[in-house]
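[1] Fold the stuff below for me.
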Amino acid sequence: MTNFTRKDGGVRLETRLARYGALAVAAAVGGSAPAEAAAITHDIPDITLNFGEFVSFNVITGATSQTNSSFGQFLLSVFSSSFFSTQSVFILPWNQGDLIAGDGHVAFRQGAGQTIPGTLGFVSNSSGFNSLELFFRSSTTTTHGEWANPGGTQRGFAALRFTFAGNEHFGWADISVSDVASLSATLHCFGYESTPGASVTTPQSCADAPASGVPEPSSAALLALGAAGMTLYRRRRKAA
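    Next comes the predicted model:
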């Protein structure tokens with residue numbers, strides 16, 4: 001017999017669907033489903049960037065683009081200037097008021113299992129732009145940045161703060177910077193806390209992230225899913 005047990009918590013599929021139906025009924029009669037914090041994670045295929053390349057990503061939808069720089073909420077890029085003899089990896093929020101945690105120039109690198117925002121500061125840099133460097137090197141200065149690891153690779157989470165539907169949310173982006181043969185950066189995954197104002201915890205890895213990146217169904221969908229759950233439940237009772 002088919003096993004309907006989910007991998008992410010051991011809750012049987014028909015049980016979960018039945019719960020959806022109960023939530024929808026409560027909403028239909030004027031009640032409301034209990035608000036619970038939900039960490040949404042988008043485990044995308046790794047996107048590796050070389051000089052002159054970028055990826056724009058939307059923390060809410062999980063969509064990415066490497067051709068439209070203003071497509072998403074945040075942009076990660078690897079930049080090289082022959083005129084200034086500099087190389088850098090930076091992250092930039094597109095919307096006014098959206099920020100990355102840092103000290104005004106350099107983004108803070110977070111490890112797994114850390115709480116955002118915690119005590120982190122989210123500030124604009126001194127030039128008035130909100131882009132912060134993960135890595136920077138020039139011919140006249142030493143390499144710096146919290147993702148800097150000359151001759152190696154450094155990985156960590158950038159902490160994000162953004163506004164969606166008029167509410168403030170916190171999120172993260174899992175990024176690695178490689179400085180081995182040539183400078184490159186990789187976006188592994190990203191996510192956010194769907195409850196406005198609530199903190200979010202960085203996952204141990206994308207594979208161990210606490211949610212699938214798909215929000216809970218709407219009330220209309222809950223009714224259909226609840227009916228499906230009840231049907232599955234009856235069939236399993238008869239089979240038993």
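[2] Bridged to residue 57, which residues?
    Assessed by DSSP bridges, residue 57 has beta-bridge partners residue 64, residue 74.
[3] for it, what are its contacts?
    The contact partners of residue 57, by C-beta atoms under 8 Å, 6 or more residues apart in numbering, come to 44, 63-65, 72-76, 173, 187, 190. Bear in mind the C-beta positions are built from the backbone N, C-alpha and C, glycine included.
[4] gap between it and residue 179?
    22 Å (C-beta to C-beta, to the nearest Å).
[5] related to what we said a few turns ago, redo the contacts of residue 57 as JSON lines? Include distance to residue 96.
    Below are those laid out as JSON lines (distance: C-beta to C-beta, whole Å):
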{"residue": "44", "distance to residue 96": "26"}
{"residue": "63", "distance to residue 96": "21"}
{"residue": "64", "distance to residue 96": "22"}
{"residue": "65", "distance to residue 96": "20"}
{"residue": "72", "distance to residue 96": "15"}
{"residue": "73", "distance to residue 96": "12"}
{"residue": "74", "distance to residue 96": "13"}
{"residue": "75", "distance to residue 96": "14"}
{"residue": "76", "distance to residue 96": "19"}
{"residue": "173", "distance to residue 96": "19"}
{"residue": "187", "distance to residue 96": "23"}
{"residue": "190", "distance to residue 96": "20"}
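[6] just the buried members of those?
    The neighbour-count criterion (16 or more other C-beta atoms under 10 Å) marks 44, 64, 72-76, 173, 187, 190 among those as buried.
[7] Touching, residue 144 and residue 106? I think so.
    Yes - contact criterion C-beta atoms under 8 Å: residue 144 and residue 106 qualify, at 7.1 Å.
[8] Return the item of the buried ones among the contacts of residue 57 having minimum pLDDT.
    Among the buried ones among the contacts of residue 57, residue 72 carries the lowest pLDDT, at 85.
[9] And that residue, its phi and psi?
    When read as degrees, to the nearest 10, the backbone of residue 72 gives phi -110, psi -160.
[10] got it, and residue 115?
    phi -90, psi 130.
[11] For it, list each beta-bridge partner.
    residue 201.
[12] Report how many residues lie close to it.
    Residue 115 has 14 neighbours, counted by other C-beta atoms under 10 Å.
[13] For it, give me its contacts.
    Counting by C-beta under 8 Å, 6+ apart, residue 115 has contacts 199-201.
[14] if you skip the residues just before and after it, what's nearest to residue 179?
    Spatial nearest neighbour of residue 179, excluding adjacent residues (C-beta to C-beta, 6 or more residues apart in numbering): residue 150 at 5.5 Å.
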